[in-house]
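*Asks:* need a structure here:
(one chain, ligands or ions: 1)
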Amino acid sequence: MTRRDYLNSALLASGSLLLTGVSPRHLLARDDWDGYSGIGDYAGSNGNTFEVVTDGHMIRDRAFEPLPADVIETGEEYDCVVVGGGISGLAAALFIARQAGPRRTCLVLENHRIFGGEARRNEFLVDGRRLIAHQGSAMLFPPLDGTFLAGFYDSIGIDYRQFQYQAWSGRDPEMPLGHTSYMQDGANSGFFFGAKFGHPEGLWLIDPWGRQLAGAPIPESTRRELLAFHAAKPVLPKQPGDALSRHLDSITLEQHVMDTCGISRETVRTFLSPVSGGGSGLGADALSAYAEYAADVLLPWKYEAGAQMFPGGNAGVARHITKALIGDSFPGPVTLESICRSPVNFASLDRPDQRSRVRLHVTVVDVCHEGDPERSGAVRIVYLRQGRLYRVKARSVIMAGGCWTTRHVVRDLPRTHQDAYAQFHRAPCLMANVALRDWRFLYKLGISECQWFQGIGNYVALRKMPVFGDVSPTVSPDSPVVVTIKILFSKPGLPLEEQVTRGRMELFSTPFRDYEERIRDQFAAMFSARGFDARRDIAGIILNRWGHAYLSPQPGFFFGKGSDPGPAEILRRRPFGRIAFANSDLAGIMDHRASILEAQRVAQQVMDVLWPATSGRTTKV
Ligand SMILES: Cc1cc2nc3c(=O)[nH]c(=O)nc-3n(C[C@H](O)[C@H](O)[C@H](O)COP(=O)(O)OP(=O)(O)OC[C@H]3O[C@@H](n4cnc5c(N)ncnc54)[C@H](O)[C@@H]3O)c2cc1C
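*Replies:* Alright, predicted model coming up:
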């Protein structure tokens, strides 16, 4: 019995055991965890790295309580320290730089080797061609004119109208490709059915929705249910907090789908979970039904323009915000092309003479007011860098790292806030980027995207890349491409926390080579009859392991239960002493726009509440 077998059989039996003391360093060697990480600025920064997770789990295991006596005093003092250099933390720093006046100083502390959080990218070099893909956050949604978000994108140099995509090339008739890595469900999509459906040799259904699932090896009743689900036009709540949204937040997504589309629990669990049965990482049985609609209710966008995607997904947004914050963080002008292609000027990020600084590769382990939080004039922040602890001081702190670290790191967090954070659950996710030498095997099948219902992952979708990236201006079936497999760990039927914990354990105990093998086997099972050869056709795989990827809101998360507010409201309402809270998880919506809007709110709070001299200045773009 291997170590992994043991973990999967014996240890998984106890959810509580899993929550304490287990880190990648207990399970996998560094190389087994990180694996190959690509080239360029993002090499060594794929997903949550071994080093970051190991440091994070030392916080969880209270290794810094109490702090040792030998913390190094840097003597640095800032007006604001932001913990977390994802889109929310970077945007908060930018709002402060723009609004709080020329003398205010702000330091962003980020634990990975590069900023961006879930919005980072991978780069491959395949047969001399650079290929770029997203590590997590993918789609950019064209904003409605005149909105805060439209002004914000404009102010950092992102204009979705300038996204021009690759042209088709070669002699083969053109196959329409989407602009994102999500399925379009058009004529060139396919469903694959394997042994679970009585077809060990594999059965392909091309254009499944166009053909009304005719020929799918599923019972007629299931076919009718799936068609009903696909055709359903949901009635959206008109505004957050209205009767419909409160009703949706009181039931599970699974119940809602069963009620409104007349489909069985079994169909939901076999076919809709977790990708189309709620994109929040867990089974639809664990999620609030409102989670399915929250983004559209709160953040409507120009649907007719279609979702767009930078070559590296929303790493593009993080890069633009950083350029706006620190002008020479990327050499060259503020253009899509320049910011996408230029290497990061790391030396520019943390210079002593600048107002806004970004310090990478440091894990904040302790944040605490000096004295009584309500009267205190300062907060002390301690971070870990290569085994040593350092202290800086700030007049205000923005915790933008996410629920899973904030609740451990803020040492004097009151019980109300601890209880609120205890209601946040974030599901794991593995994003596997697979570089292919070409995709002719898909073209031969007549597809550019497909979905499957057993094995590892659920779907892949090819896309055209925007040509401002350092990518080929054309695409054909002979082009090297990257496909992204999103691997979620939903375990419908189990309690929410157990789904999360079991998923995380699977992610933590599976070495790179096992995932690599499973991905190769999955592709071989589906495509070898069409000429696919894993050894020849797969040029490389990068795994991005996200231990706490998706906030998975349970019923009651958004609008609370009875007269109690939802947990996020307690954290958002006002700062605790000199510490305020951001990150997209507070919105309950895993969307980079939520990160930006939470940053706007928190920057405004810091200015109004903590720096009364700036009160009245609105957080503008
Ligand atoms: C797989 C996936 C796909 C997604 N797809 C989309 C999409 O298509 N479109 C979209 O709009 N959104 C998408 N999202 C969601 C969206 O991108 C995220 O919600 C957003 O990027 C989160 O930004 P953030 O700054 O709030 O948090 P994060 O990106 O999590 O940033 C927080 C940062 O703080 C760091 N940190 C945490 N604790 C500490 C500490 N103690 N010390 C130092 N640093 C710390 C973290 O490591 C991280 O880098 C997706 C998310 C995932 C996981």
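*Asks:* in the stretch 451-600 of the chain, which spans are strands?
*Replies:* 459-461, 474-475, 481-488, 538-551, 579-581 (DSSP state E, counting those that start in this stretch).
*Asks:* Now distance to residue 145 and mean neighbour count too, for these, in a markdown table please.
*Replies:* Backbone N, C-alpha and C define where each C-beta goes, glycine included. A markdown table is the format used below for the strands of the stretch 451-600 of the chain (distance: least, CB to CB, whole Å; neighbours: other CB atoms under 10 Å):
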| stretch | distance to residue 145 | mean neighbour count |
| --- | --- | --- |
| strand 459-461 | 29 | 22 |
| strand 474-475 | 31 | 18 |
| strand 481-488 | 31 | 23 |
| strand 538-551 | 29 | 24 |
| strand 579-581 | 30 | 28 |
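*Asks:* Not counting its neighbours along the chain, what's nearest the closest residue to the ligand within the stretch 101-250 of the chain?
*Replies:* Using CB to the nearest ligand atom, residue 117 is the residue of the stretch 101-250 of the chain that sits closest to the ligand, at 2.1 Å. Excluding the flanking residues, the one nearest residue 117 by CB to CB, 6 or more residues apart in numbering is residue 86, at 2.3 Å.
*Asks:* give the contact list for that neighbour.
*Replies:* By CB atoms under 8 Å, 6 or more residues apart in numbering, the contact list for residue 86 reads 110, 115-119, 318, 400-402, 583, 595.
*Asks:* how close does it get to residue 280?
*Replies:* Separation of residue 86 from residue 280 (CB to CB, to the nearest Å): 18 Å.
*Asks:* Then residue 318?
*Replies:* 22 Å.
*Asks:* dump the residue contacts of the residue of the stretch 201-350 of the chain found nearest the ligand.
*Replies:* Closest residue of the stretch 201-350 of the chain to the ligand, CB to the nearest ligand atom: residue 314 (5.4 Å). When contacts are counted by CB under 8 Å, 6+ apart, residue 314 touches 87, 118-119, 134, 137-140, 592.
*Asks:* Just give the number of residues close to residue 287.
*Replies:* 31 (other CB atoms under 10 Å).
*Asks:* you'd agree it is up against residue 552?
*Replies:* Yes: under the criterion of CB atoms under 8 Å, residue 287 makes contact with residue 552 at 6.0 Å.
*Asks:* Which neighbours do these two have in common?
*Replies:* By CB under 8 Å, 6+ apart, residue 287 and residue 552 have these common neighbours: residue 280.
*Asks:* returning to what we had before: so which of the strands of the stretch 451-600 of the chain comes closest to the ligand?
*Replies:* Here strand 538-551 is closest among the strands of the stretch 451-600 of the chain (CB to the nearest ligand atom), at 3.7 Å.
*Asks:* Next, see if that closest one gets close to the ligand.
*Replies:* Yes: Strand 538-551 reaches the ligand (CB under 6 Å from any ligand atom) through 546, 549-550.
*Asks:* same question, stretch 587-599
*Replies:* Yes: using CB under 6 Å from any ligand atom, stretch 587-599 reaches the ligand at 590-593, 595.
*Asks:* Give me the contacts around that stretch.
*Replies:* 86-92, 94-95, 119, 137, 140-141, 143, 148-149, 152, 279-280, 291, 294-295, 298-299, 314, 317, 400, 549-551, 553, 557-558, 566, 568, 572, 582-584, 586.
*Asks:* coming back round to it: so which of the residues of stretch 587-599 next to the ligand wins on neighbours?
*Replies:* residue 595 (34 neighbours).
*Asks:* That one and residue 84: what is the separation?
*Replies:* From residue 595 to residue 84 the distance is 10 Å (CB to CB).
*Asks:* swap in residue 465?
*Replies:* Applying CB to CB, the value for residue 465 to residue 84 is 29 Å.
*Asks:* Stretch 70-88: which residues count as buried?
*Replies:* Neighbour-count burial for stretch 70-88, counted by 16 or more other CB atoms under 10 Å, picks out 71, 76, 78-88.
*Asks:* Export these as JSON lines, with columns for secondary structure.
*Replies:* Listed next are the buried residues of stretch 70-88 as JSON lines, based on DSSP: H, G, I helix; E, B strand; the rest coil:
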{"residue": "71", "secondary structure": "coil"}
{"residue": "76", "secondary structure": "strand"}
{"residue": "78", "secondary structure": "strand"}
{"residue": "79", "secondary structure": "strand"}
{"residue": "80", "secondary structure": "strand"}
{"residue": "81", "secondary structure": "strand"}
{"residue": "82", "secondary structure": "strand"}
{"residue": "83", "secondary structure": "strand"}
{"residue": "84", "secondary structure": "coil"}
{"residue": "85", "secondary structure": "coil"}
{"residue": "86", "secondary structure": "strand"}
{"residue": "87", "secondary structure": "helix"}
{"residue": "88", "secondary structure": "helix"}
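*Asks:* quick one, what contacts the spatially closest residue to residue 232 that is not a sequence neighbour?
*Replies:* Among residues not flanking residue 232 along the chain, residue 261 sits closest, at 5.1 Å (CB to CB, 6+ apart). By CB under 8 Å, 6+ apart, the contact set of residue 261 is 225, 228-229, 232.
*Asks:* List only buried entries from the residues you listed.
*Replies:* Buried among the contacts of residue 261 by 16+ other CB under 10 Å: 225, 229.
*Asks:* Dump the contacts of residue 261 to TSV, plus secondary structure and pLDDT.
*Replies:* Below are the contacts of residue 261 laid out as TSV (DSSP: H, G, I helix; E, B strand; the rest coil; pLDDT from 0 to 100):
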residue	secondary structure	pLDDT
225	helix	94
228	helix	92
229	helix	90
232	coil	89
